[in-house]
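> okay, structure incoming, though there's no sequence with it:
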């Protein structure tokens with residue numbers, strides 16, 4: 001069983017930064033891709049970024065636009081999402097995930113609110 005605990009969300013002013021963390025537990029999690037989706041009120045969940053089990057090959061969703069950076073400390077089974085130049089459109093619940101698209105595990109979500 002894989003468990004994911006997300007943290008680091010909060011309230012920030014436009015132009016500010018936040019760093020989200022996702023701590024994973026479970027024996028097989030080290031072989032999974034990890035990453036983040038987000039969901040704003042009234043909108044569908046969308047990909048933010050993901051990274052392979054080895055920490056290589058990060059991939060970004062269209063929302064990133066060069067402002068975010070995803071990383072992973074494999075030995076600690078922890079993933080990070082550094083978000084910079086935040087704007088109000090980034091306000092959403094951010095969910096970390098682990099695993100392939102056919103069977104992802106999800107964290108509980110962490111709220112990010114960006115004020116103008």
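In hand now; what should we look at? Not measured: the values here are computed from a predicted model.

> and the residue nearest to the spatial centre of the chain, which of the three is it?
Nearest to the mean C-alpha position of the chain, by C-alpha atoms, centre = their mean, lies residue 36 at 2.8 Å. Secondary structure, DSSP: H, G, I helix; E, B strand; the rest coil: residue 36 is strand.

> next one: the nearest residue to residue 67 once chain neighbours are set aside from residue 76, what distance?
Once flanking residues are discounted, residue 67 sits nearest to residue 85: 4.7 Å by C-beta to C-beta, 6 or more residues apart in numbering. Placement of C-beta: from N, CA and C, glycine included. Going from residue 85 to residue 76 by C-beta to C-beta, to the nearest Å gives 27 Å.

> and the two? which has more neighbours close in?
In this view residue 85 and residue 76 are compared by other C-beta atoms under 10 Å, and residue 85 has more residues nearby, 13 against 9.

> quick check: phi and psi on that one?
Backbone dihedrals for residue 85, given as degrees, to the nearest 10, come out at phi 50, psi 50.

> contacting residues for it?
Taking C-beta atoms under 8 Å, 6 or more residues apart in numbering as the criterion, residue 85 is in contact with 15, 17, 67.

> can you tell me which residues contact residue 31?
Contact criterion C-beta under 8 Å, 6+ apart gives residue 53 as the residues in contact with residue 31.

> what's it sitting at in phi/psi?
The phi and psi values for residue 31, taken as degrees, to the nearest 10, are phi -100, psi 0.

> ok, now how distant is residue 116 from residue 34?
As judged by C-beta to C-beta, residue 116 and residue 34 stand 31 Å apart.

> between those two, which one's more packed in?
The neighbour comparison of residue 116 against residue 34 (other C-beta under 10 Å) goes to residue 34, with 30 against 8.

> which SSE is the nearest residue to the more buried one once chain neighbours are set aside in?
For residue 34, the nearest residue in space outside its immediate sequence neighbours is residue 79; the separation is 4.3 Å by C-beta to C-beta, 6+ apart. The secondary structure element spanning residue 79 is strand 78-83 (assigned by DSSP states H and E).
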